[in-house]
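Chemist: what follows is a predicted protein model with its sequence.
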Amino acid sequence: MTSLSKLICLAHRGASGHAPENTLVAFQKAVELGADWIELDVFAVENALVVIHDNRLERTTNGAGYVMTSSIAYLRSLDAGNGQQIPLLTEVLETTDHKIKINIELKGPGTAEPVANLIETYVKHHGWRYDDFLISSFDHRQVKAAKTLCPALPVAPNLTGAPLDLDRLTADLSPFSIHLDADFVTAGLVNEIHGLGRPAFVFTANTVEEILRLRKMGVDGVFTNFPERVKQALGMPRS
């Protein structure tokens, strides 16, 4: 069991409570606020990896239509909030420049291979380490594909509801961590995950009270839109 001071803070789509989600300014803000990780979402479009959460454009941009059927030129022309572009994953790596670890959630189909290949390039040629990254997804087939392509790469399944057969899931994926929905997490489930030798990270906790509730259950990390609230919850000074 980790101590309170070691609760891991994962900035959900960057510090998205302060800046437009999944934008470079949100990731920069997460670094400034002292998050341990940023979490972001990736689709593969025209041989590029674009950072956006929804499969449609309307909620987070001034565009319309599906991400996967849009051209890169169109996607890059859009305003993702406050004049920010939809970033490429390479831009996020260059902007954060080893200052923070990166949890990449695979969203669209066929993202495992290009993401694994990009990470291999950055590990071999740009001074990054495999453990600077964590690949996750609700699509566990993609998680397994990423692990098969790059066995040194930490991976994690995202789970909703009350998961069944965690033993088999752990044996199949060999995950670094297991990610749980805050609406369904229980102390018993956290203990079961710990019994499998894995940390439990929970999404998404945006109040001090919720962060403290989850920590009392023994969770090891929380995804949050407000990274400073993790420090506040732990009685640490804000950045």
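Modeler: Cool, got the structure. As the structure is a prediction and not an experimental result, all values here were calculated from the model.
Chemist: contacts and neighbour counts: CA atoms only from here.
Modeler: Fine.
Chemist: please enumerate the strands of this structure.
Modeler: With DSSP state E as the criterion, the chain has strands at 8-12, 37-45, 48-51, 101-106, 133-137, 155-157, 178-181, 200-203, 221-224.
Chemist: measure how the longest helix belonging to the chain sits relative to strand 133-137, angle-wise.
Modeler: Determined from DSSP state H, the single longest helix within the chain is helix 112-125. Between the axes of helix 112-125 and strand 133-137, defined by axes from the mean of the first three to the mean of the last three Cα atoms, to 10 degrees, the angle is 180 degrees.
Chemist: please renumber the chain so that the first residue is 51 from this point on.
Modeler: From this message on, residue numbering opens at 51, which makes the last subject helix 162-175.
Chemist: which secondary structure elements does helix 162-175 contact?
Modeler: Helix 162-175 is packed against helix 190-199, with contacts defined by 3 or more Cα pairs under 8 Å, 6 or more residues apart in numbering; DSSP states H and E.
Chemist: the helix it packs on packs against which elements?
Modeler: Judged by 3+ Cα pairs under 8 Å, 6+ apart, helix 190-199 is in contact with helix 162-175, strand 183-187, strand 205-207, helix 216-223.
Chemist: mind doing that once more with 10 Å?
Modeler: When contacts are defined as 3 or more Cα pairs under 10 Å, 6 or more residues apart in numbering; DSSP states H and E, helix 190-199 sits against strand 151-156, helix 162-175, strand 183-187, strand 205-207, helix 216-223.
Chemist: most packed of those?
Modeler: Highest mean neighbour count among those (mean count of other Cα atoms under 10 Å): strand 205-207, with a mean of 27.
Chemist: that strand pairs with which strands, and in what direction?
Modeler: Next to strand 205-207 in the sheet, as set by DSSP bridges, lie strand 183-187 (parallel).
Chemist: who's in contact with the strand it pairs with?
Modeler: With contact meaning Cα atoms under 10 Å, 6 or more residues apart in numbering, strand 183-187 is reached by 87-91, 150-158, 162, 165-166, 169, 192-194, 196-197, 203-209, 225-229.
Chemist: give me that answer again for 8 Å
Modeler: Contacts to strand 183-187, defined as Cα atoms under 8 Å, 6 or more residues apart in numbering, come from residues 151-157, 193, 196, 203-208, 226.
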